[in-house]
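1. sequence first, then the predicted structure, then my questions.
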Amino acid sequence: MKALTWQGRRDLAVVDVPDPRIEQPTDAIVRITSSAICGSDLHLYELFGPFLDRGDILGHEPMGVVVEVGSSVTKLKVGDRVVVPFNISCGECFMCRHGLQSQCETTQVTEYGSGASLFGFTKLYGQVPGGQAELLRVPLADYNSVVVGGDLPDERYLFLSDILPTAWQGVQYAQVPDGGTLAVVGLGPVGQFVARIGAHLGYRVIASDPVAERRALAEKYGAQVAEPDDIAALVSEATEGRGADGVVDAVGMEAHGNAMVSAFQKATALLPDAIAQPLMDNAGLDRLAALHSAIDLVRRGGTVSISGVYAGDADMMPMKTMFDKQLTLKMGQCNVKRWVDTLLPLVEDPADPLGTADLVTHTVGLDDAPHMYEVFQKKEDGCIKVVVKP
């Protein structure tokens, strides 16, 4: 089959690789019909080379049709149309039973002290072949598949794999009271859905992003928007100077700003793996402009919800400010299966209240996917969300 593979920093290639096969009786094989490029995929493209090997298959936002099932699979059958959540979980352990599927004790990557395994996402999360390919092996397939209907286009369901539940969790974690104010830092794909969900739940939504096209799309769905330098004044004016009840950081570790940390990140990514891995694991730094903005925007006693990915263990945090403002921080990988039952009716609603059909800006074949990583990273050509059709 053909698959998109990592070959080096900013170097991806579509190559022929062996077809996946049933390895455990609980596996299924899915023929991929759509697979999105996620903002967190860009971290692999740019920074996480020390934890990748040449030939690793990327992609963790896939859906498709089941073409083979293992002997112990009981809930799926050949021909089922499924969305595949990005985190791989068992549904039975302590963590899964408590709605923390991203911490699944069955698939935790204990070698690196990480949570549940993820599709297409480095040695830190199991180095499981991803879904930007023609076929995907799905472990523990009965639990790690969401069977969907056959009438709606892929784009209505596809985002259940990651960014839609990620955004929903981000808003839930922000703990905004009824009729309260939600601020959103970053209007990439997750931030777009955060803003839409906030408006859908009746909150006043104020969002920022440096890219005009992204601000315009969020404004279309009811958000007040501003450039990053202007959002503090807008939030202050809207809240009698108090700040937002909750703020979602939908950016993460590659925020604009801090050229010194950016240079450190890039230099570390170029070091030999044996040196770079412990350096990134123990002394990694993130660009924290988005997180610091969120801390500034939230009111005293409010909550900062972090959906953007961070990886540094040596980050400097403004502890005096956080303590003085009596803030709550909630964060983490999304627990996809926790939210699917809530989101599926919204996705299938004929009115499409979250605008799942109005997010994709670029649809390409697999051969064009490497180029689209570059376009997405550089925010060129109005790129907000890319869907790959293998």
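-> Great, that's in hand.

2. how close does the residue lying closest to residue 118 once chain neighbours are set aside sit to residue 300?
-> Beyond its immediate neighbours in the sequence, the residue positioned closest to residue 118 (CB to CB, 6 or more residues apart in numbering) is residue 125, lying 4.0 Å away. Yep, even glycine has a C-beta here, placed from its N, CA and C like the rest. Distance of residue 125 to residue 300, computed by CB to CB, to the nearest Å: 36 Å.

3. those two: which is more packed in?
-> residue 125 (25 against 10; other CB atoms under 10 Å).

4. my guess is the residue nearest to residue 118 contacts residue 110, does it?
-> No: at 11.8 Å, residue 125 and residue 110 do not qualify as touching, with contact defined as CB atoms under 8 Å.

5. next, the residue with the largest distance to the centre of the chain: secondary structure please.
-> Relative to the average C-alpha location in the chain, and by CA atoms, centre = their mean, no residue lies farther out than residue 240, which sits at 33.1 Å. Reduced to three states with DSSP: H, G, I helix; E, B strand; the rest coil, the structure at residue 240 is coil.

6. what separation do you get for it and residue 159?
-> 36 Å.

7. what's the answer for residue 138, then?
-> Residue 138 sits at a distance of 18 Å from residue 159 (criterion: CB to CB).

8. distance of residue 6 relative to residue 116?
-> 21 Å.

9. who's more crowded, those two?
-> When residue 6 and residue 116 are compared on other CB under 10 Å, the one with more neighbours turns out to be residue 116, at 26 against 23.

10. can you tell me the closest non-neighbouring residue to the more buried one?
-> Residue nearest to residue 116 in three dimensions, not counting chain neighbours: residue 104, with 3.9 Å by CB to CB, 6+ apart.

11. pretty sure the one you found sits against residue 94.
-> No: counting by CB under 8 Å, residue 104 sits too far from residue 94 to count as a contact (9.4 Å).

12. so which of these two has more stuff around it?
-> Set side by side, residue 104 and residue 94 give different neighbour counts by other CB under 10 Å, the larger being at residue 104 (25 against 10).

13. quick one: contacts for the more buried one?
-> Listed by CB atoms under 8 Å, 6 or more residues apart in numbering, the contact partners of residue 104 are 87-90, 93, 95-96, 115-117.

14. mind pulling up the pLDDT for the residue farthest from the centre of the chain?
-> According to the model's per-residue confidence, residue 240 sits at a pLDDT of 96.

15. quick one, phi/psi of it?
-> Recorded main-chain torsions at residue 240 are phi 50, psi 30, according to degrees, to the nearest 10.

16. same deal with residue 193?
-> The phi and psi torsions at residue 193 (degrees, to the nearest 10) take the values phi -70, psi -40.

17. quick one: it from residue 115, how far?
-> Computed as CB to CB, the residue 193 to residue 115 distance reads 22 Å.

18. so which of those two has more stuff around it?
-> Neighbours were tallied for residue 193 and for residue 115 using other CB under 10 Å; the higher tally belongs to residue 193 (31 against 23).

19. my read: that one touches residue 164, true?
-> Yes: because the distance of 5.6 Å satisfies CB under 8 Å, residue 193 is recorded as touching residue 164.

20. find the residues that touch each one of these two.
-> Counting by CB under 8 Å, 6+ apart, the contacts common to residue 193 and residue 164 are residue 354.

21. for residue 75, what are its contacts?
-> The neighbours of residue 75, taking CB under 8 Å, 6+ apart as the test, are 142, 145, 147.

22. which of those fall in strands?
-> Secondary structure of the contacts of residue 75 is defined by DSSP state E; positions in strands are residue 147.

23. for the helix or strand hosting residue 295, name the packing helices and strands.
-> Using DSSP states H and E, residue 295 maps to helix 289-297. Using 3 or more CB pairs under 8 Å, 6 or more residues apart in numbering; DSSP states H and E as the contact definition, the elements that helix 289-297 packs against are strand 181-185, helix 231-238, strand 244-249, strand 298-306.

24. in the stretch 251-390 of the chain, what spans have low per-residue confidence?
-> 254-287, 312, 314 (pLDDT under 70).

25. ok, residue 86 touching residue 162?
-> Yes: judged on CB under 8 Å, residue 86 makes contact with residue 162 at a distance of 4.5 Å.

26. shared neighbours, those two?
-> Common neighbours of residue 86 and residue 162, using CB under 8 Å, 6+ apart, are 38, 60-61, 334, 336.

27. how near is the residue farthest from the centre of the chain to residue 102?
-> Distance from residue 240 to residue 102, counting by CB to CB: 37 Å.

28. could you do residue 80 as well?
-> Computed with CB to CB, the distance linking residue 80 and residue 102 is 24 Å.

29. over to residue 7?
-> Residue 7 sits 28 Å away from residue 102, taking CB to CB as the criterion.

30. of the two, who's got more company?
-> When residue 7 is set against residue 102 and neighbours are counted by other CB under 10 Å, the residue ahead is residue 102, at 26 against 16.

31. residue 338 is in contact with that one, correct?
-> No: contact between residue 102 and residue 338 fails when scored by CB under 8 Å: they sit 9.0 Å apart.

32. contacts only, for the residue positioned nearest the centre of the chain.
-> Using CA atoms, centre = their mean, the residue of the chain that lies closest to the mean C-alpha position is residue 163, 5.1 Å off. Counting by CB under 8 Å, 6+ apart, residue 163 touches 36, 38, 61, 189-190, 193.

33. kindly report the same for residue 29.
-> Neighbour list for residue 29: 20-22, 66-69, 135-138 [criterion: CB under 8 Å, 6+ apart].
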